[in-house]
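In: Fold the following and give me the result.
(one chain, ligands or ions: 2)
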Amino acid sequence: MRAIAPSILSADFGHLYDEITRINDSEADYFHVDVMDGVFVPNISFGFPIMEPLKKYAKKPLDVHLMIVHPEKYVERFCDAGAWSVGFHLEATDDPMPALNLIKAKGVRTCLTINPDIAVERLLPYLDKVDMVLLMSVFAGFGGQKFIPETMDKIRYVRREIDRCGLPTLIEVDGGVTKDNANDIFAAGADVLVAGSAVFHSQDPTGVIRAMKYA
Ligand code: DX5
Ligand code: ZN
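Out: Ligands and ions are numbered 1, 2, ... in the order given. Okay, here's the model as predicted:
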């Protein structure tokens, strides 16, 4: 699968409706929604108020990426707010299973993510328990960072494990994705690429999305 999830974090919030419409009319597959609490990451983005216009106007599924402590406290509210998928960081919990079970009980897809400094092996016990794993290719917290090249080997490693076990689990990659590296990231085994600044800071977001998808 080659799916593109533009990150609304890099959108122009003064023209959010237009930005949403532009993504609706593009070949993007999801809206990626980056929620930051200022504690798990050194930045604060947005929360439930932004889910409202997204739920109302977005015509593609909302892929919510929680960069927050205590995700188990909030995952159900994000499900109720219209999320199609809810993901949180493995390293933000002692045990991710309670939060994963709350998401599943809502009938919403689950995603578990790790920052670049977390051993990728720690995801393995959960590959058969989630719908998607998200490998961060930058440190969570800010858009516009450079893709960390070591992520490529991690993608290949997780791809091999998923295929070896015959699992349907998707691999999402987030951070520093551009139309120049998208093809290599897909080729390494990724299914979903998140792109923020490469899409929204471009003169031609629709063209960038197409270029990434069919790179
Ligand atoms: C980073 C976020 C990313 C970010 C990606 O903490 O999780 O989704 O918006 O932005 P770019 O594509 O600009 O690296
Ligand atoms: Zn993200």
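
In: Of all residues in this protein, which one is closest to ligand 2?
Out: Across the chain, no residue is closer to ligand 2 than His65, which sits at 3.7 Å (CB to the ion). To be clear about C-beta, it is placed using only N, CA and C from the backbone, and glycine gets the same treatment.

In: Which strand or helix spans that residue?
Out: strand 62-67 (DSSP states H and E).

In: what does Val133 give?
Out: Per DSSP H and E: strand 132-136 holds Val133.

In: What score does Ala215 have for pLDDT?
Out: pLDDT, Ala215: 80.

In: same deal with Met212?
Out: 97.

In: Could I get the contacting residues of it?
Out: Ile4, Val177, Thr178, Lys179, Ala182, Leu193, Ala195, Ala198 (CB atoms under 8 Å, 6 or more residues apart in numbering).

In: at 7 Å instead, please
Out: Taking CB atoms under 7 Å, 6 or more residues apart in numbering, we find Met212 in contact with Ile4, Lys179, Ala182, Leu193, Ala195.

In: Please list which of those residues are also close to ligand 1.
Out: Ala195 (CB under 6 Å from any ligand atom).

In: Select from the contacts of Met212 every entry located in helices.
Out: Ala182 (DSSP state H).

In: quick check, nearest of the contacts of Met212 to ligand 1?
Out: Ala195 (4.7 Å; CB to the nearest ligand atom).

In: That closest one: neighbour count?
Out: 28 (other CB atoms under 10 Å).

In: What helix or strand is the closest residue to it other than its chain neighbours located in?
Out: Excluding the flanking residues, the one nearest Ala195 by CB to CB, 6 or more residues apart in numbering is Val177, at 4.5 Å. Using DSSP H and E, Val177 sits within no helix or strand.

In: Number the residues from 375 up from this point.
Out: Sure, I'll start numbering at 375, so the last one becomes Val551.

In: can you pull the pLDDT of Val551?
Out: For Val551, pLDDT reads 98.

In: likewise Asp558?
Out: 98.

In: tell me the strands in the chain, going along the chain?
Out: 377-380, 405-410, 436-441, 459-463, 483-488, 506-510, 544-548, 566-569 (DSSP state E).

In: max-length helix in this protein?
Out: Criterion DSSP H: the longest helix present in the chain is helix 525-538.

In: got the contact list for that one?
Out: So helix 525-538 is contacted by 490, 494, 497-498, 501, 507, 509, 511, 543, 545, 547, 559, 562-564 (CB under 7 Å, 6+ apart).
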